[in-house]
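Engineer: Test case, fold it:
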Amino acid sequence: MKAKARESSPTNELCLELKYCERCGGLWLRPVNGGQIYCAACGRQMAELPPASKEAESARLPRGRRCDMDNGDFEGDEGNEGIDLDAAGGVA
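Structural biologist: You can find the predicted model right below:
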């Protein structure tokens, strides 16, 4: 009788794994090796969004000459001579 139960259990068995939603952080169960990364609610919301543009892949920062800084001062630092930068009392 146990042999029959073993034979029928693999067909009725479903393996699940615990997964967190990569959008809301909620926990949910998905089939083992399932490709879903969002829970059902977030999956529906993400499906409504337009597809990502491919332009971002080719966007790069300009590679020009670095700014020349003679004495290490930043631009716009001229008017701050009288400000005490340590006035916060050590709070970072």
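Engineer: And the strands in the chain, which stretches?
Structural biologist: Using DSSP state E, the strands assigned to the chain run over residues 16-20, 27-31.
Engineer: could you dump the ones you listed to a markdown table with mean pLDDT and mean neighbour count?
Structural biologist: The way it works is simple: take the backbone N, C-alpha and C, and place the C-beta from them, glycine included. Formatted as a markdown table, the strands of the chain follow (pLDDT from 0 to 100; neighbours: other C-beta atoms under 10 Å):
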| stretch | mean pLDDT | mean neighbour count |
| --- | --- | --- |
| strand 16-20 | 95 | 12 |
| strand 27-31 | 94 | 13 |
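Engineer: List just the one of those strands that sits closest to Arg60.
Structural biologist: strand 16-20 (33.0 Å; C-beta to C-beta).
Engineer: Format the strands of the chain as TSV; extra columns: distance to Tyr38.
Structural biologist: Output for the strands of the chain, formatted as TSV (distance: least, C-beta to C-beta, whole Å):
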stretch	distance to Tyr38
strand 16-20	9
strand 27-31	9
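Engineer: For Arg63, find the nearest of the ones you listed.
Structural biologist: Closest among those, using C-beta to C-beta: strand 16-20, at 39.0 Å.
Engineer: partners of the closest one in the sheet?
Structural biologist: strand 27-31 (antiparallel) (DSSP bridges).
Engineer: what sits against the residue lying closest to Glu22 once chain neighbours are set aside?
Structural biologist: Distances taken as C-beta to C-beta, 6 or more residues apart in numbering place Ile37 nearest to Glu22, at 4.7 Å, with adjacent residues excluded. Contact partners of Ile37, counting by C-beta atoms under 8 Å, 6 or more residues apart in numbering, are Lys19, Cys21, Glu22.
Engineer: Tell me the one among those nearest to Leu61.
Structural biologist: Glu22 (27.5 Å).
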